[in-house]
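Trainee: this is a predicted model, with the sequence first.
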Amino acid sequence: MLGFVFEPAPWEQALEELTPGAALSAARFLTLMEGEEEDALEQALDLLEEKQIWLDVRDLPRYPGGEAAVRLRREEELVKEHRLLECLEENDPLRLYLEELAQIPAFGDLEALAHRLRQGDRQVVEQIASLMLSQVLHEAYGLVGRGVLLQDLIQEGSLGLWRGILAYREGDLQAHCLRYIRSAMAVAVTMQARSCGVGQRLRQALEDYRAVDERLLSELGRNPTLEEIAQELHMTREATAAVADMLESARDLAQAKRPQEQEERPEEEDQAVEDTAYFQARQRIGELMTGLDEQDRQVLSLRFGLEGGKPLSSEETGRRLGLTPEEVVAREAAALAKMRKNG
């Protein structure tokens, strides 16, 4: 009987490489899962839960859009001003929900209750949940305005709390449950962003970044800095850096999906690529690098992808060489100036 071996999907390869307990950019996750079916999405979320990897939603747009945008902004404003209950209408569903939660009694010592839970006493589950409800509210207030209505965030966090309590076996109960609370809310925010088409907008941002990067490379004869790209895109440096990280993920994903693409590319297409200003600059720099010291050669090799890899940002180059991004930019500029003088 013949057996079949199925290669893991690109997103599976990417997620499997993550260290258990680490955080994963929600924007990168959406990039990885762009175009995937719902069953693959569920499998990916299960894998994240299995490896205890939580989604970091800080790089997602604060207001994905839709009919709820006005309400989201209002909730965020009231939470920041600490005027949520006093400014909501008396019959507002969120106000009624918060008033109901406030009626739940919370008492007891969490450490003592955790000890009883470790001994198998399930009667303390509800009491622990009541004690930790304030943590759910605190985390929900921290994510207010990020695409999910506050009442829904609290409900998702409460479900995460219950799951955390039931899954608890040992260690710090509060820290354990907090991970489940944050994970449940982050998944809700990420899925809402996906449903609002954030993944498509991220893809457009990647295309804009590529276009500006290639144009500046041709104009400057070197890899542009993040600041230069950010100025052209009319974005902050932080937002541009996030797009650069997503671009790296997208490139990895494309390479995984098309492992044979470069080998099968026609010779005339290869020649067309080599004729671009990018590869001309890369070749010229390689010829002039012999007069540089070893670290400067490494900086330029990584920044221009001279060793066969893709060009890296100053941040990525710095991480590999133990330098700050500023040191990378300074070394690159000095090295290029030296080569221009020698050339």
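Mentor: Cool, the structure landed. Residues are numbered from 1 along each chain as shown.
Trainee: not counting sequence-adjacent ones, nearest residue to Asp56?
Mentor: Ala23 (4.5 Å; CB to CB, 6 or more residues apart in numbering). C-beta coordinates here come from the backbone N, C-alpha and C atoms, glycine included.
Trainee: what are the phi and psi angles of Leu24?
Mentor: Note on Leu24: its backbone torsions stand at phi -120, psi 130 [degrees, to the nearest 10].
Trainee: and it, how close does it get to Met235?
Mentor: From Leu24 across to Met235, the span is 22 Å (CB to CB, to the nearest Å).
Trainee: may I have stretch 173-186 as CSV, with CA atoms only?
Mentor: Extracted C-alpha coordinates of stretch 173-186, given in CSV (Å, rounded to 0.1, in the frame of the first residue of the first chain):
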residue,chain,number,x,y,z
LEU,A,173,-2.3,30.8,39.1
GLN,A,174,-2.7,34.6,38.5
ALA,A,175,0.0,34.7,35.8
HIS,A,176,-1.3,31.5,34.3
CYS,A,177,-4.9,32.8,34.0
LEU,A,178,-3.6,36.2,32.8
ARG,A,179,-2.0,34.5,29.8
TYR,A,180,-5.3,32.9,28.9
ILE,A,181,-7.2,36.2,29.3
ARG,A,182,-4.8,38.1,27.1
SER,A,183,-4.7,35.3,24.5
ALA,A,184,-8.5,35.2,24.2
MET,A,185,-8.8,38.9,23.8
ALA,A,186,-5.9,39.1,21.3
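Trainee: show me the contact partners of it.
Mentor: If you take CB atoms under 8 Å, 6 or more residues apart in numbering as the criterion, stretch 173-186 is touched by 26, 48-49, 52, 54-57, 110-111, 113-114, 117, 128, 132, 135-136, 139-140, 143, 148, 153, 156-157, 159-161, 163-165, 167-168.
Trainee: so which bits of stretch 220-240 are buried?
Mentor: Across stretch 220-240, burial judged by 16 or more other CB atoms under 10 Å covers Arg222, Asn223, Pro224, Thr225, Leu226, Glu228, Ile229, Ala230, Glu232, Leu233, Met235, Thr240.
Trainee: fine by me, we can end here.
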